[in-house]
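coords below, sequence missing:
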């Protein structure tokens, strides 16, 4: 009897095991451990055989399956195993299917598109369509500087092969450039308070230092990509190409306010000044006096040397404008107008307004630094205090480099020059000023603490 009972029990257990054990949580725990433990230690030879079984048996057990799997396949691909590209693409798809709430769709689809591009999978049109679908599906999480550049670069390549027209390239340029600037503004908005905290003498905690480093790294990357995007567009966006492109469509669109605004802004962004841009500005002001038309008329007056009239129009434009990118451009133009007239206080006010709209504007910080340095003779009572303002100028140039990778090179060089002009250790010692504060009773205002020896 006992023997018969044991046989029946064993048979029953085997029957139950065969039908349910593969789905049992305990089994998933074991399979997950067999994969993740060696994967954590980067022992991918040991981890790899268990990955496919884990995904097949327990695809939605835990998101770490896909996180460690991604690291594993990336490492193997970097070592030259291109057969793992298809596995990584499938991993992204599996993660999106099984953990949609914990996966940013635009980011993952962009990663898939980038893998296809990097490994020459499909035609250029197919690669472009993969990026295009990713961006349109979820633009908010499509933030990779590399993928944004590749997306645009493919569009230019397709224009060169006559598979896209020039207008499509320009339209995508607007989208990509706007996206890059938005990401820069968001990051600079997070970085600036941390820089201000440092300047106030408050020590950052370790988490804040990590955030600051990440913000600066990403800002540098976005700045470099903006330059690359402009470089890729190259002569396609030169005025000799742009003006004829839009002149031929003017009669058909001269009553279309949105077309007039779009074309006017594009020509202005490329400094395409001339009879056609003036014609657009006047027509736009006739149809709908607006921030755009006032700004364009301001630029026209400025080009004609009518600075007073230009400022009048610029201020009208700033009051009317609601779009942050165009508002920045207006404030920056007003600041430049004042700076060129040596009205530094007013210029600084408008550069700060520009920074309020676009905190990633390194050029605004650089302009303020330049004005500080040029005011040394009028902002000090003795040689030491006149030279001390260069420390302020250097700090502003440092900010420019930190928030805007596109000007980092020139900003760092300017900061080094300003510090050379500032009092050196021997000057500080002989003046007995170490650790003391120098105040500036001129348009600059504020003060600077002299470094301790």
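Arrived safely, thanks for sending. Predicted model, so just to flag it, every value in this text is computed and none were measured.

mind checking how far the closest residue to residue 177 other than its chain neighbours is from residue 406?
Leaving aside its sequence neighbours, residue 177 sits nearest to residue 229 (CB to CB, 6 or more residues apart in numbering; 6.4 Å). Quick note: C-beta positions are derived from backbone N, CA and C, even for glycine. Remark: distance between residue 229 and residue 406 (CB to CB, to the nearest Å) = 11 Å.

Any idea how many residues pack against the spatially closest residue to residue 367 that is not a sequence neighbour?
Of all residues beyond its chain neighbours, the one nearest residue 367 is residue 351 (5.7 Å), with distances taken as CB to CB, 6+ apart. A count of neighbours around residue 351, defined by other CB atoms under 10 Å, yields 27.

For residue 351, give me the pLDDT.
With respect to pLDDT, residue 351 has a value of 97.

Start at 21, not 1
Sure, I'll start numbering at 21, so the last one becomes residue 371.

is it true that it touches residue 354?
No. Residue 371 is beyond contact range of residue 354, at 9.2 Å (criterion: CB atoms under 8 Å).

still on that earlier bit, need the contact list for the residue nearest to residue 387.
Shown in contact with residue 371 (CB atoms under 8 Å, 6 or more residues apart in numbering): 351, 352, 355, 384, 385, 387, 388.

Count the neighbours of the closest residue to the first one other than its chain neighbours for me.
Which is residue 351. Residue nearest to residue 351 in three dimensions, not counting chain neighbours: residue 374, with 3.9 Å by CB to CB, 6+ apart. Residue 374 has 24 neighbours, counted by other CB under 10 Å.

quick one: which helix or strand includes residue 374?
Assigned by DSSP states H and E, residue 374 belongs to helix 364-377.

Next, the buried residues of that helix.
Under the neighbour-count criterion of 16 or more other CB atoms under 10 Å, helix 364-377 has 364, 366, 367, 368, 370, 371, 373, 374, 375, 377 buried.

Quick one: neighbours of the closest residue to residue 55 other than its chain neighbours, just the number.
In space, and not counting its chain neighbours, residue 55 is closest to residue 70: 4.0 Å by CB to CB, 6+ apart. Neighbour count of residue 70, defined by other CB under 10 Å: 19.

Equivalent analysis for residue 56, please.
Neighbours of residue 56 using other CB under 10 Å come to 20.

Please report how far it lies from residue 350.
From residue 56 over to residue 350 the distance is 54 Å, taken as CB to CB.

Let me know the helix or strand that residue 179 is in.
Assigned by DSSP H and E, residue 179 falls in helix 165-180.

and that helix, how far from the chain's centre?
Taking CA atoms, centre = their mean, to the nearest Å, one finds the center of helix 165-180 at 16 Å from the center of the full chain.

Identify the farthest-apart pair in the buried residues of helix 364-377.
Farthest pair in these (CB to CB) is 364 and 377. Separation: 20.5 Å.

picking up where we left off before, now do the residue nearest to residue 351 against residue 200, distance only.
According to CB to CB, residue 374 and residue 200 sit 18 Å apart.

and what of residue 455?
Distance from residue 455 to residue 200, by CB to CB: 42 Å.

quick one: which of the two has more around it?
For the pair residue 455 and residue 200, the greater number of neighbours falls to residue 200 (23 against 10), based on other CB under 10 Å.

The strand or helix carrying that one to helix 364-377, inter-axis angle?
For residue 200, the host element (DSSP H and E) is helix 186-219. Relative orientation of helix 186-219 versus helix 364-377 (axes from the mean of the first three to the mean of the last three CA atoms, to 10 degrees): 110 degrees.

Show me what helix 186-219 is packed against.
With contacts taken as 3 or more CB pairs under 8 Å, 6 or more residues apart in numbering; DSSP states H and E, helix 186-219 sits against helix 165-180, helix 226-253, helix 259-267, helix 344-360, helix 403-423.

May I see those helices arranged in CSV, with mean neighbour count and mean pLDDT as well?
Formatted as CSV, the helices and strands packed on helix 186-219 follow (neighbours: other CB atoms under 10 Å; pLDDT from 0 to 100):
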stretch, mean neighbour count, mean pLDDT
helix 165-180, 20, 96
helix 226-253, 16, 92
helix 259-267, 15, 88
helix 344-360, 21, 90
helix 403-423, 23, 95
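
Which of those helices sits closest to residue 112?
So among the helices and strands packed on helix 186-219, helix 165-180 is nearest, using CB to CB, at 13.1 Å.

wait, doesn't residue 341 sit right on residue 353?
No. If you go by CB under 8 Å, residue 341 and residue 353 don't touch, sitting 11.5 Å apart.
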